[in-house]
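Student: Quick one, fold the following:
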Amino acid sequence: MVDSSRVSIQSASTAFHPEESSGIDSAATLENKSNLDPYLVHFDEGDPANPKNWSSAKKWYLTLAAGLLVLNATFSSSAPSSLVPTLMQEFGISQEVGTLTISLFVCGYCIGPLLWGPLSEQYGRRPIFIISFFIYMCFQIGCALSPNAASLLIFRFLGGTFAAAPLANSGALISDIWDAKGRGAALAVFTVAPFAGPGIGPVVSGYLVLAGVSWRWLFWILTIFAGVCWLLIVFTIPETYSPVLLAKKAKEIRKHTGDEKYHSAIELQNLTLAQRLESILARPFKILFREPMLIAITLYMSFVYGCIYLLFEAYPIVFTQGHNLNAGVSGLMFLPLPIGGFFAVATYIIFFNPGYERKAQECAPNPVPPEFRLRVAMISAPFFAVSFFWFAWTSFPSISFWAPMMSGGLLGWSICLIFLALFNYIIDAYLSVAASALAANTVVRSLFGAGFPLFATQMYDRLGPEWASSLLGFIALTMMPIPFVLTKYGPMLRTKSKYAPSEPPPSSSPV
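Tutor: Residues are numbered from 1 along each chain as shown. Sure thing, here's the model as predicted:
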């Protein structure tokens, strides 16, 4: 009976949220324990209960479903952007307060990942998705019924906190179900969602303004979208986290055999509340402040992320004021961003992923050095800077709006590839503490996303669209060398790092 329920837990399932973040033993430790403990329950080889043995069709469905949840959350973040003038008139608030409907939602992303990631590693992905998304849907109803600006802003912040659950756990779900060979393409497809959502939001709200309907209709649409996604979770998304599935399996074996000695690895954890709080809240920032590599990458990714949300204030100045486009057509100017993201996915799958697979074969049985991931960022980073200069010096009203609009395609393409490269680098470089490293990265990045829109209008009004966008381009140029420097000095820095081993175990090689 013992042998029929055994197989090692693969560390790849923790690529985005390793067990370290919740105090659970590493994969290597679990494997050692399994050799010593005959009652430790595992999956059998080829066990259909193991998410990595599910059919490709089921895995791709879950990948697309996970992407849809992230699309929902990020769509909601930017959706009110075209409604700010309407809210200013309705509630008698300033431009800055109106912009808080976007910034406070993104502020919720700072808190949510610190909660939902570790909780999903204790109780599983599915219950966290179900509970958080239902509450998120309820806060959209609260926004739609808000009697004043204060209540609307409070509900937006709380909604963002609960909407952060898919940001924290959808990537983890994908790493639960895909092995190293298939995960690269799946993550490339999934990466489009965080950048497509913000680009679609202004289109919807822009045409609602043009139709002359109440601003409350936007939040009813968000409520319906959230409700559909919640039903999708309840009826079609199973539990994918292996330690939780093994705990359920151990319980069934105990019930079937009557032998209480059988147990899973997660049931052996015995952490105090203080230990859990330290793991959830303190450890990510301890790692961040002790790691120069992580600080550099986090600053770069945060700047790129902040620029996405800054555009929600910059585009209306260029297209609505400068080119006299109505709110609906002005919202369409954002569409090249997600389109560029789709082209980035095609670029990665066709050109970059095969190269990584060849490199993996060359390095086998050792993992590919993390610095190999950075070549994607080395190619896309210059285009990110170029896209801002393109946008800057085609922003004159005398130039066709098609010129600045199409710069968004290059911007979306470069952003998607930069994020894909740097996310994978963090995972490869930090291995067992990748969850904590990514948590710190997410918090700082969200702060930038929340803060950039607050000064964007003043910056563009005072400097003008041309020089304001050029300033962003110059900052992008100063940050562009980061992947080049890490490619050269990364191996040396990793040998001196406490958290980034220079020779990671082969079984922990992600993507």
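Student: all contacts plus neighbour counts: C-alpha atoms, from now on.
Tutor: OK.
Student: residue closest to the middle of the protein?
Tutor: Centroid check for the chain by CA atoms, centre = their mean gives Leu167 as the closest residue, at 4.5 Å.
Student: in which helix or strand would I find that one?
Tutor: helix 149-177 (DSSP states H and E).
Student: Can you give me the buried ones in that helix?
Tutor: 149, 152-177 (16 or more other CA atoms under 10 Å).
Student: immediately after it, which helix or strand?
Tutor: helix 180-191.
Student: for Leu294, what are its contacts?
Tutor: Leu288, Ile426, Ala437 (CA atoms under 8 Å, 6 or more residues apart in numbering).
Student: Low-confidence ranges, the stretch 251-400 of the chain, go.
Tutor: 271-273, 277, 279-280 (pLDDT under 70).
Student: next one: the chain
Tutor: 1-36, 180-181, 271-273, 277, 279-280, 432, 501-511.
Student: and the helix ranked longest in it, what other elements does it pack with?
Tutor: Ranked by number of residues, the top helix in the chain under DSSP state H is helix 434-479. If you count contacts as 3 or more CA pairs under 8 Å, 6 or more residues apart in numbering; DSSP states H and E, helix 434-479 packs onto helix 95-123, helix 283-290, helix 292-315, helix 374-392, helix 402-430.
Student: Out of those helices, flag the one nearest Leu477.
Tutor: Closest approach to Leu477 among these (CA to CA): helix 374-392, 5.8 Å.
Student: what is the orientation angle of the closest one with helix 434-479?
Tutor: 50 degrees (axes from the mean of the first three to the mean of the last three CA atoms, to 10 degrees).
Student: Against Tyr136, how distant is the residue nearest to the centre of the chain?
Tutor: Applying CA to CA, to the nearest Å, the value for Leu167 to Tyr136 is 13 Å.
Student: Glu278 too?
Tutor: Distance from Glu278 to Tyr136, by CA to CA: 27 Å.
Student: Then Pro404?
Tutor: Distance of Pro404 to Tyr136, computed by CA to CA: 35 Å.
Student: Same question for Leu187.
Tutor: 25 Å.
Student: Compare neighbour counts for the two and give me the winner.
Tutor: Tyr136 (27 against 20; other CA atoms under 10 Å).
Student: Might you report the residue contacts of the more buried one?
Tutor: Leu158, Gly159, Gly160, Phe162, Ala163, Ala226.
Student: Quick check: which element contains it?
Tutor: Counting by DSSP H and E, Tyr136 is found in helix 125-144.
Student: Tell me which residues of that helix come out buried.
Tutor: Neighbour-count burial for helix 125-144 [16+ other CA under 10 Å]: 125-130, 132-144.
Student: The helix or strand hosting Thr495 - contacts with which helices or strands?
Tutor: For Thr495, the element it lies in under DSSP H and E is helix 482-496. Helix 482-496 sits against helix 292-315, helix 374-392, with contacts defined as 3+ CA pairs under 8 Å, 6+ apart.
Student: In a markdown table, list these along with distance to Trp230.
Tutor: Converted to a markdown table, the helices and strands packed on helix 482-496 look like this (distance: least, CA to CA, whole Å):
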| stretch | distance to Trp230 |
| --- | --- |
| helix 292-315 | 26 |
| helix 374-392 | 35 |
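Student: ok, back up a step: quick one: the longest helix of the chain to helix 292-315, angle?
Tutor: Using the same axes, to 10 degrees: helix 434-479 against helix 292-315 is 60 degrees.
Student: surely the residue nearest to the centre of the chain meets Pro113?
Tutor: Yes: the pair Leu167 and Pro113 passes the contact test of CA atoms under 8 Å, sitting 7.2 Å apart.
Student: Distance-wise, check Gly124 relative to Ile426.
Tutor: 24 Å.
Student: Same question for Val41.
Tutor: Taking CA to CA, one finds Val41 at 31 Å from Ile426.
Student: out of these two, which sits in the busier spot?
Tutor: Per other CA under 10 Å, whichever of Val41 and Ile426 has more neighbours is Val41, with 28 against 25.
Student: what sits against the closest residue to the more buried one other than its chain neighbours?
Tutor: The shortest distance from Val41 to any non-neighbouring residue, by CA to CA, 6 or more residues apart in numbering, is to Ser264 (5.1 Å). The contact partners of Ser264, by CA under 8 Å, 6+ apart, come to Leu40, Val41, His42, Pro243, Leu246, Ala247, Ala250.
Student: again, only using 6 Å
Tutor: Leu40, Val41, Leu246, Ala247, Ala250 (CA atoms under 6 Å, 6 or more residues apart in numbering).
Student: Before I go, just wanted to say thanks for your time.
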